[in-house]
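J.: one predicted model, sequence on top.
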Amino acid sequence: MALKHLIAVVGLSGCSGVLTAKAQSTSTGAACASPIAPQNGAPSVAPGFRVEVVANGLRDPRGIIFDREGGLLVVEQEHGVSRLSMTGNGRCRDVQMVVEDDSLNHGIAFSQDGNTLYASSHSNVYAWDYDASEGKTTSEPRDVVEGMGDDEGHTTRTLLMSQKVPDMLLVSRGSVGNIDLQTLDVTTGVSTIKAFNVGNMTGSAYDHASSGLLLGWGLRNSVGVAEEPISGGIYSVENSVDNIERSGETINQNNPGEELNFHGYLNGTGSDVQGGNYGYPSCFTAWNRSEIPDFGGMTGEAFAIGDQNATVNDTFCVEDRIAPRITFDAHMAPLDIKFNPDGTAAWVTMHGSWNREEPIGYKLSLVQFDGKGSPVELANSTTAATDIVSNPDLSACPDSCFRPVGLAWDSEGRLYMSSDSTGEIFVVTREDGSGIADVSEAADAGENESPTPSGTGGVSTPTETSGAALNLGVASGSYLAAGVAVVGALL
């Protein structure tokens, strides 16, 4: 399919209201409304934190990232990439179009020097020269990675540029269907996370299936990918299967669990799990173990799909496939993960369920890490994730809820979050508006605050918070091995 790459910067109407093109204008100069009331009322917020809407009217915003001049670039799915210029206090000032291309749908990254912008469609990763001082691209697009399939199934291709190893661009590609049997063959490149050296290109694009460093396969749809800042370990959050059956019973309400997976390192540090198989489409992870027929394992342990047989069974799944480091509740749909700078917390967006009888997810959660590269909680924990921002009435979801997608830190330690369902950008801070990169102070503040009235975007008390209470002073914890080495042949 021919791609439309219109590189001219086109100004938009501002950060509040419907975005409309104004040809050849770098900025309209219009200020965003301040404050902006959340579309569906004030979110519930954990004590010590504050959340505000800084932009709305965006078109299906997905991946977000800051450029080196403090502009927030947003992938507007099936539209292109826009840039929000920000004021000193972290609010949106105006919006301009950077790349207009209706094939772009989620992934976005910068080179380490900030001079190259990367974005992805279902089939390709593209690169542009980028001028942050002007907030615009200065070249035609270049193909970097190609051959990632047709526009069907899980079509997002998450991008992450390593900050530990220069020029290594990670690309996550999900499955085509709910149960995709072509993922049994690693050479297809489907359901993988790979890394490509974009500083070592000879002029032609990498073929995705046959090129790149394999970090993991058997990953149904690992939309969120992050590099732990201390050790350089690569983690992802995976969306697991829907409508799963086991021993003739449908067990889809509370199983299988969503996953936080560890994939080794790009810096040469050895790891038994790197490049291994994480189970899909044969093996999954227990969340509510009591609802799984003929299962004797714990939460966080693997079980086989369908009827166990001599080839695919629970023993095979435990011994020959890699277990998640942490398991989340089924159908949460985690879409992004970002670490704070000292590696003591990972923030995860939970996009929310689409076919569960009672909706679940629709929130921003926090997972404690030990500052050395590992989660604090054991792999069988059911309380590893603490809710920070959530929808107060899940019965209204998905139609009348924000749905978190992308995360990005600004230079002041404020955490920004996109919501594709409402076209909003939120910012999460301490109560005084300062950054939360040092989460231990923010967690201790304002424990007894009263809820803020609906619509102001300020601090309110959560109506339902799952997971362990925040204990962000913990610096270390037990580490349960992420899994065992993969052995044996493909099924």
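T.: Yep, it's here.

J.: helices and strands around whichever helix or strand residue 93 is part of, which ones?
T.: In this structure, residue 93 sits in strand 92-100 according to DSSP states H and E. Counting contacts by 3 or more CB pairs under 8 Å, 6 or more residues apart in numbering; DSSP states H and E, strand 92-100 packs against strand 10-11, strand 49-55, strand 80-86, strand 116-120, strand 136-137. Any C-beta I mention is one placed from the backbone N, CA and C, and that applies to glycine too.

J.: report all helices and strands that the second one contacts.
T.: Spelled out, that is strand 49-55. Under the contact definition 3+ CB pairs under 8 Å, 6+ apart, strand 49-55 sits against strand 80-86, strand 92-100, strand 385-390, strand 424-430.

J.: measure how that strand sits relative to strand 80-86, angle-wise.
T.: Inter-element angle recorded for strand 49-55 and strand 80-86: 120 degrees (by axes from the mean of the first three to the mean of the last three CA atoms, to 10 degrees).

J.: run the chain-centre distance for strand 49-55.
T.: Distance of strand 49-55 from its chain centroid, counting by CA atoms, centre = their mean, to the nearest Å, is 19 Å.

J.: buried set for it?
T.: For strand 49-55, a neighbour-count test (16 or more other CB atoms under 10 Å) marks 49, 50, 51, 52, 53, 54, 55 as buried.

J.: let me know the closest of the residues you listed to residue 239.
T.: For the buried residues of strand 49-55, the residue nearest residue 239 by CB to CB is residue 51; the value is 24.1 Å.

J.: test my guess that the closest one contacts residue 45.
T.: Yes - the criterion here is CB atoms under 8 Å, and residue 51 meets it with residue 45 at 5.2 Å.

J.: re the thing from before, as TSV, the helices and strands packed on strand 49-55 with distance to residue 131 and mean pLDDT would be great.
T.: Listed next are the helices and strands packed on strand 49-55 as TSV, based on distance: least, CB to CB, whole Å; pLDDT from 0 to 100:
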stretch	distance to residue 131	mean pLDDT
strand 80-86	11	95
strand 92-100	10	93
strand 385-390	34	97
strand 424-430	23	96
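
J.: put together CSV for the ones you listed, with distance to residue 406 on each row.
T.: Listed next are those as CSV, based on distance: least, CB to CB, whole Å:
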stretch, distance to residue 406
strand 80-86, 12
strand 92-100, 15
strand 385-390, 14
strand 424-430, 9
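
J.: save those strands as CSV, and put in distance to residue 36 and mean neighbour count too.
T.: Shown next, in CSV, are the helices and strands packed on strand 49-55 (distance: least, CB to CB, whole Å; neighbours: other CB atoms under 10 Å):
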stretch, distance to residue 36, mean neighbour count
strand 80-86, 13, 24
strand 92-100, 9, 24
strand 385-390, 16, 24
strand 424-430, 8, 23
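
J.: which one of these lies nearest to residue 225?
T.: strand 385-390 (17.6 Å).

J.: what helices or strands is the closest one leaning on?
T.: Packing partners of strand 385-390 (3+ CB pairs under 8 Å, 6+ apart): strand 44-45, strand 49-55, strand 363-368, strand 424-430.

J.: and residue 171, what does it touch?
T.: Neighbouring residues of residue 171 by CB atoms under 8 Å, 6 or more residues apart in numbering: 107, 120, 125, 145, 148, 157-159, 193-196, 208, 212.

J.: so what's the residue count around the residue nearest to residue 90 when sequence neighbours are not counted?
T.: In this structure, residue 90 finds its nearest non-sequential neighbour in residue 414, 5.1 Å apart by CB to CB, 6 or more residues apart in numbering. For residue 414, the neighbour count with other CB atoms under 10 Å is 22.

J.: and what of residue 404?
T.: Neighbours of residue 404 (other CB under 10 Å): 32.

J.: same check on residue 231?
T.: Using other CB under 10 Å: residue 231 sits among 17 other residues.

J.: one more: residue 163?
T.: 11.

J.: so which helix or strand takes in the residue nearest the centre of the chain?
T.: Centroid-nearest residue in the chain, with CA atoms, centre = their mean: residue 336, separated by 1.3 Å. Under the criterion of DSSP H and E, residue 336 resides in strand 334-339.

J.: before we move on, back to that, pretty sure the residue nearest to residue 90 is touching residue 428, no?
T.: Yes - applying CB under 8 Å, one finds residue 414 in contact with residue 428, separated by 7.1 Å.

J.: shared neighbours, those two?
T.: Counting by CB under 8 Å, 6+ apart, the residues touching both residue 414 and residue 428 are residue 436.

J.: okay, the buried residues of strand 49-55 in TSV with pLDDT and distance to residue 422 next?
T.: Formatted as TSV, the buried residues of strand 49-55 follow (pLDDT from 0 to 100; distance: CB to CB, whole Å):
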residue	pLDDT	distance to residue 422
49	96	19
50	96	19
51	97	13
52	95	14
53	95	9
54	94	13
55	94	11
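
J.: any chance of those residues in a markdown table with distance to residue 180 as columns?
T.: What follows is the buried residues of strand 49-55, written out as a markdown table (distance: CB to CB, whole Å):
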| residue | distance to residue 180 |
| --- | --- |
| 49 | 39 |
| 50 | 42 |
| 51 | 36 |
| 52 | 40 |
| 53 | 37 |
| 54 | 38 |
| 55 | 36 |
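
J.: still on that earlier bit, how about the helices and strands packed on strand 385-390 in a markdown table, adding distance to residue 80?
T.: Formatted as a markdown table, these follow (distance: least, CB to CB, whole Å):
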| stretch | distance to residue 80 |
| --- | --- |
| strand 44-45 | 32 |
| strand 49-55 | 16 |
| strand 363-368 | 26 |
| strand 424-430 | 16 |
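
J.: quick one, which of those is nearest to residue 38?
T.: Of all the helices and strands packed on strand 385-390, strand 49-55 sits nearest to residue 38, with 5.2 Å by CB to CB.

J.: quick check: what element follows that closest one along the chain?
T.: Remark: after strand 49-55, the chain's next helix or strand is strand 61-66, criterion DSSP H and E.

J.: strand partners of the helix or strand just after that next one, parallel vs antiparallel please.
T.: Sequence order places strand 72-76 as the next helix or strand after strand 61-66, per DSSP H and E. Partners of strand 72-76 in the sheet, by DSSP bridges, are strand 61-66 (antiparallel), strand 80-86 (antiparallel).
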